[in-house]
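> Provided below are the primary sequence and the corresponding predicted coordinates.
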Amino acid sequence: MNLGMGFQGAMPALQTSSKLKEGVYGMPDKMVYGLGKIHDKVTASHPLEESERNYAAMRDATQMTVLRNTQGLHAPLRLAMERRAAQQVGRLPFLPSSNLQLEVLRGDDVTLDFSDILNTPDVRESLFMPHAVVERSLGLL
């Protein structure tokens, strides 16, 4: 039974590109782009890992379908427009963003998970040079 939900079964896994960026001499420039991660090339070790990775995308797709079926086409379009505007907050690349507006629009502000406690931007061990980060984001480096 479909109920007009718009999806059948699980969505395919999101494809991530693990291609290393090449420097001037045709070799990967590890000083600029960092070391390549072997984690990007490894497949899912457990069947639930892929399901958990796609959970947010499936939840968003289901929410948009339910909104379209109940309120019409304007509701998912407006929510998508608001989310896109919340993602494009103008901050310098080296300043962390809390993404509070985006969390409120997704409904994640009322949940507590590991990403709220572990590896928060204020206690991260990585320190970036602001000028290098801005030059890289502008394509000057």
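Done, it's in.
> use CA for all of it now, contacts and neighbours both
Fine.
> Quick check: what element follows the least confident helix or strand in the chain by mean pLDDT along the chain?
Lowest on mean pLDDT, DSSP states H and E among the helices and strands of the chain sits helix 30-33, with a mean of 75. Using DSSP states H and E, the next helix or strand after helix 30-33 towards the C-terminus is helix 47-53.
> Tell me the buried residues in that next one?
Neighbour counts over helix 47-53 (16 or more other CA atoms under 10 Å) mark 50, 51 as buried.
> Please apply the same query to stretch 87-101.
The neighbour-count check on stretch 87-101 (16+ other CA under 10 Å) flags 93, 101 as buried.
> next one: stretch 51-62
Within stretch 51-62, the residues that count as buried by 16+ other CA under 10 Å are 51, 54, 58, 61.
> just those now: which is nearest residue 134?
For the buried residues of stretch 51-62, the minimum distance to residue 134 (CA to CA) is 31.3 Å, reached by residue 54.
> ok, that closest one to residue 64 distance?
In this view, residue 54 and residue 64 are 16 Å apart by CA to CA, to the nearest Å.
> what does residue 85 give?
Distance from residue 85 to residue 64, by CA to CA: 17 Å.
> more neighbours, those two?
Set residue 85 next to residue 64 and count neighbours by other CA atoms under 10 Å: residue 64 wins out with 20 against 12.
> residues touching that one, list them.
residue 76 (CA atoms under 8 Å, 6 or more residues apart in numbering).
> Beyond the helix or strand that contains it, next helix or strand please.
For residue 64, the element it lies in under DSSP H and E is helix 55-71. Scanning forward in sequence from helix 55-71 by DSSP H and E, the next helix or strand is helix 74-87.
> distance between that next one and the chain's centre?
Relative to its parent chain, helix 74-87 has a centroid offset of 16 Å by CA atoms, centre = their mean, to the nearest Å.
> That one - what's its average pLDDT?
For helix 74-87, mean pLDDT is 94.
> and the angle from that helix to helix 55-71?
Per axes from the mean of the first three to the mean of the last three CA atoms, to 10 degrees, the angle that helix 74-87 makes with helix 55-71 is 140 degrees.
> how about helix 74-87: buried residues?
Counting neighbours by 16+ other CA under 10 Å, helix 74-87 gives 75, 76, 83, 86 as buried.
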